[in-house]
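Student: Have a look at this prediction, sequence included:
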Amino acid sequence: MTTNMAVPDNLEIPRAEEVASAPRVVLVGNPNTGKTSLFNSLTGLRAKTANYPGSTIDVRRGPLELESTTAQLVDLPGLYSLDALSPEEELAASVLRGAGENEAVPDAVLVVVDATNVERNLFLVSEIVDLRLPTVVALNMIDAAEDASISIEVERLATLLKCPVVAVSSRTGSGLSLLRKAVGDVLLDGAPKEHVSCTEGCAGCLFSARYEWAGQVSAECVDTPSSHGRRSAALDRVLVNPLGGLIAFLLVMIGFFYLIFSLADVPMTLVDRGFAELASVVAGSFPDDDLRPGLWFGLAATITMGVGAVAFRAAGIAWTSRSLGAAAIVSILLGLLPAAEFQSLLVDGVIGGVGGVVIFLPQICILFFFISLLEQSGYMARGAFVMERLMRLVGLPGKAFVPMLSAHACAIPGIMAARVIPDWRDRLVTILVLPLLTCSARLPIYSMIAALLFSESPLSAALLFVGAYVLGIGAALFSALCLKKTILKGEAIPLVIELPPYRLPSLRNALWTVFERGVLFVRQAGSVILLISVILWGLATYPSIPDDELPGELAVRLDTARQAAEVLPADVQRELSQARLAYSFAGRLGRFVEPVFEPLGFDWRINVGVISSFAAREVIVSTLAIMYGIGDDSAEDQKSLVETLRRQKRADGTPTFTIRTGLSLLVFFVLAMQ
C-alpha cells in the first residue's frame with residue numbers, strides 16, 4: 001500500500017553546524033518527471049529565470065518556504081546521468097559536485113522520481129546518493145501511479161535508499177507539506193553517515209551495477225500490473241511508425257500553424273491599434289516649438305530618462321553608476337532636439353520600434369502555449385523521433401526539430417532553444433540555418449507581394465505563400481548539408497530520447513510557460529530592435545534638407561503655405577517627407593547601393609526599404625508607403641499601397657514592380673538572414 005512519506009529507521013544523521021540564512025536546495029531529476037511542475041508548486045510560481053553564472057543555460061530560482069527558514073530552490077536542467085552528454089547535463093552535474101567557479105556543493109538535493117517509472121529513474125538516484133549530500137526523493141505523479149494500479153512501498157524504498165522518500169503530486173498538491181518538512185529536516189540534520197552503495201566491483205561495471213541495483217530495488221518496492229503501458233504502445237505503433245508517424249506529424253503541424261495564425265489575428269490587431277493610439281496620443285501631446293528652451297530641455301530630458309528606465313527594466317539592465325551616467329548623457333543630448341524632432345523620435349523610433357516587436361508577441365505566446373501542451377502530452381518527443389530520420393540525411397540531429405519549429409514564429413526563440421543540442425557543431429549549424437526559415441515578421445511582406453502580383457488569383461497567391469515556406473525550408477536544409485560536408489564536418493549524434501508516457505497536459509503549466517517565454521522574448525528581442533530602430537530613425541532623419549535644395553514646385557507650395565500661416569496640405573507633407581528621406585543618410589545609402597540591387601529590379605526607393613528592414617523585416621512595408629507617398633501601412637491603406645505600387649514607372653516608362661521584381665523581392669526576403 002502506498003503511503004505519503006517514510007524516513008528509514010536506520011538513518012543515523014549527525015547534527016551539522018548552524019544552517020546558513022539562505023540554504024540552497026537543488027531540484028534534479030530525469031526529463032519528463034514533472035520536475036518543473038513540482039518547482040512551480042513549491043515556489044508558488046515566484047520564480048526568476050536567468051542564465052546560470054558562467055554559462056548561457058537558463059535555470060530557475062524561487063523561494064522555498066520551510067518551517068524554520070526560507071531556502072532558495074534551484075531548478076536544474078533535466079538529466080539522465082551525472083556523466084554529462086549535453087551542456088545542460090554538464091551544468092547540472094557540475095552544480096551537484098560543486099565544480100563550478102566559486103561554487104560550493106548545494107545544502108540539499110531534492111530528486112524527483114516518476115512514480116509510474118521508478119526503475120528507470122533510480123539510476124540517477126544511485127549516482128546522487130553516492131555524492132553523500134543531504135537528499136530527499138520526491139515520488140512525483142503518485143496520483144497517476146495509483147490510477148494505473150501501481151503500488152509502491154514508500155517506507156521500504158526509503159530504507160533501501162537510506163534517505164527520506166515522499167509521495168507527492170504536483171498536479172493535485174498532495175504531499176507537498178510533507179515534502180517541505182522532509183527538506184527542512186535534512187537541511188538541519190545534514191548528510192547521513194551511512195549511504196547506499198550499488199557500485200562495488202570493477203570501475204568498468206559501474207553502469208551495469210547501477211542498472212542491476214535499480215532493477216532489484218524496483219522489484220522489491222514496486223508492483224506494476226502487466227497491462228501497464230499497453231495504451232501507449234498501441235498509439236506508438238502509429239505515431240512513431242516511419243510512414244504513419246510522418247503523416248500524423250504533418251497533420252499535427254498543419255493544425256498547429258493554422259491555430260497559431262488564426263488565433264493570433266485578433267490580439268495582433270488589438271496590439272497594433274493600441275500602439276497606433278499611443279503614437280497618436282503622444283503626437284498630439286507635444287508643445288509648440290516656441291516653448292521656452294530651458295523648460296523644453298527639462299521636459300525632453302525627463303521623458304528620455306523615463307523611456308530609458310522602462311527599456312533598462314525590459315532588458316534586465318541594472319542601474320549602476322556607469323549605466324546611470326550613460327542614460328544621463330543620452331537624456332541631455334536628446335533634450336537638445338527641437339520638439340518636432342523629439343516627437344518624431346518617440347513616435348517613429350521608440351513607439352514604432354517597440355510596436356514592431358510587440359505586435360508579434362501574440363504569435364510567440366500562442367506558439368509556446370501549444371509547444372508546452374505537445375511536450376506535456378508526450379507527443380513532442382515522438383515528433384522529434386519521427387523527424388530525426390529525415391533530418392539526419394542533411395546532417396542535422398533530431399534535437400534540432402524543436403528549434404526549427406520555434407523559428408517559424410521567430411528565429412530568436414528558435415536560437416535560444418538550440419542550446420539543448422549537445423554537439424557544438426550540430427548546435428552551430430542549427431543556429432546558422434534557423435534565420436532562413438519563414439518567420440512571422442516576413443508575413444506582411446509576403447502579403448504585400450502576393451496582393452501586388454496576384455490580386456485577381458487567390459490560388460496563385462496561396463501557392464506563392466506555400467512556395468516561400470518551401471523555399472525557406474529547402475534553403476535551410478541545403479545550407480545545413482553544405483556546412484556539415486565542409487567547414488563543420490562531423491556525423492550527427494544519433495538521437496537517444498526517452499518516449500514519455502502519454503499524459504493530459506496541465507493548462508496552468510502551459511500558461512506559466514507562455515508568461516516566462518513571453519517576458520524573455522521581449523527582453524532579448526525588444527531591447528535590441530528598439531536600439532536599431534532609433535539608430536535607423538537618425539539615419540532617415542538627418543541631415544535635414546535645406547529649403548534651397550527642395551524641388552522647385554514643392555519649394556513654392558511650401559513657401560506659400562508658410563506665408564499664409566496655413567497647415568501644410570497632406571500631399572505637400574508627403575512630398576516633403578519623400579524629399580527629406582531622399583536627402584537623408586538612408587536615402588543616400590539607397591542610391592549608393594543601387595548598382596548592387598539593380599539586377600534584381602530594385603530602384604533606390606526599394607533599396608531604402610530593404611536597408612530599413614534590417615531593424616525589422618516588416619518595416620519595409622511602411623517604408624515603401626512613405627517613399628511612394630501613401631502615408632502609412634495601416635489596414636485601410638493597404639489597398640491604396642498596392643494600387644500605387646502598381647502605378648509606379650521607371651525613367652524609361654516601364655513598370656517599377658514587374659513579376660520579376662516582385663519575385664526577386666520575395667526571394668530576397670526568404671533568404672535574407674537579417
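Tutor: It's in.
Student: residues contacting residue 642?
Tutor: 448, 451, 452, 455 (Cβ atoms under 8 Å, 6 or more residues apart in numbering). Heads up, the C-betas are built off the backbone N, CA and C, glycines and all.
Student: how about a cut-off of 6 Å?
Tutor: When contacts are counted by Cβ atoms under 6 Å, 6 or more residues apart in numbering, residue 642 touches 451, 452.
Student: Rounded mean pLDDT for whichever strand or helix holds it, please.
Tutor: For residue 642, the element it lies in under DSSP states H and E is helix 638-647. Mean pLDDT, computed over helix 638-647, is 66.
Student: which residues in the stretch 201-350 of the chain form helices?
Tutor: 206-221, 230-239, 244-263, 265-284, 293-315, 321-335, 339-344 (DSSP state H, counting those that start in this stretch).
Student: so which of those helices comes closest to residue 108?
Tutor: With Cβ to Cβ, the closest approach to residue 108 among the helices of the stretch 201-350 of the chain belongs to helix 206-221: 21.8 Å.
Student: quick check: domain ranges of the protein?
Tutor: When the chain is parsed with automatic domain parsing, its domains come out as 5-223, 235-263+362-498.
Student: Can you tell me the SS state at the spatially closest residue to residue 441 that is not a sequence neighbour?
Tutor: Counting by Cβ to Cβ, 6 or more residues apart in numbering, the nearest residue to residue 441 once its immediate chain neighbours are dropped is residue 617, at 4.4 Å. Classification of residue 617 using DSSP: H, G, I helix; E, B strand; the rest coil returns coil.
Student: Next one: residue 617 relative to residue 399, how far apart?
Tutor: With distances taken as Cβ to Cβ, to the nearest Å, residue 617 is found 27 Å from residue 399.
Student: returning to what we had before: what pLDDT is listed against the residue nearest to residue 441?
Tutor: 77.
Student: Show me what the host helix or strand of residue 597 is packed against.
Tutor: Element membership of residue 597, judged by DSSP H and E, is helix 594-597. Secondary structure elements in contact with helix 594-597, counted by 3 or more Cβ pairs under 6 Å, 6 or more residues apart in numbering; DSSP states H and E, are helix 604-612.
Student: Summarise which helices and strands the helix it packs on is packed against.
Tutor: With contacts defined as 3+ Cβ pairs under 6 Å, 6+ apart, the packing partners of helix 604-612 are helix 585-592, helix 594-597, helix 619-627.
Student: what's the most buried one of the ones you listed?
Tutor: Burial of the helices and strands packed on helix 604-612 is given as mean neighbour count (mean count of other Cβ atoms under 10 Å); helix 619-627 ranks first at a mean of 23.
Student: Show me the longest helix that occurs in this structure.
Tutor: Across the chain, the longest stretch assigned as helix under DSSP state H is helix 458-485.
Student: how about that one: buried residues?
Tutor: 461, 464-465, 468-469, 471-473, 475-477, 479-481, 483-484 (16 or more other Cβ atoms under 10 Å).
Student: mind listing what the most centrally placed residue in the chain touches?
Tutor: When Cα atoms, centre = their mean is applied to the chain, the residue found nearest the centroid is residue 413 (2.9 Å). Contacts for residue 413 (Cβ under 6 Å, 6+ apart) come out as residue 406.
Student: which residues of the stretch 501-650 of the chain score low on pLDDT?
Tutor: 524-529, 565-568, 615-616, 622, 625-641 (pLDDT under 70).
Student: which element is the residue nearest to the centre of the chain on?
Tutor: helix 411-417.
Student: Any idea how far that helix is from the middle of the chain?
Tutor: Chain-centre distance of helix 411-417: 5 Å, with Cα atoms, centre = their mean, to the nearest Å.
Student: which residues of the stretch 1-150 of the chain fall in strands?
Tutor: Assignment of strands within the stretch 1-150 of the chain using DSSP state E, counting those that start in this stretch yields the ranges 5-6, 24-29, 48-51, 58-65, 70-75, 108-114, 135-140.
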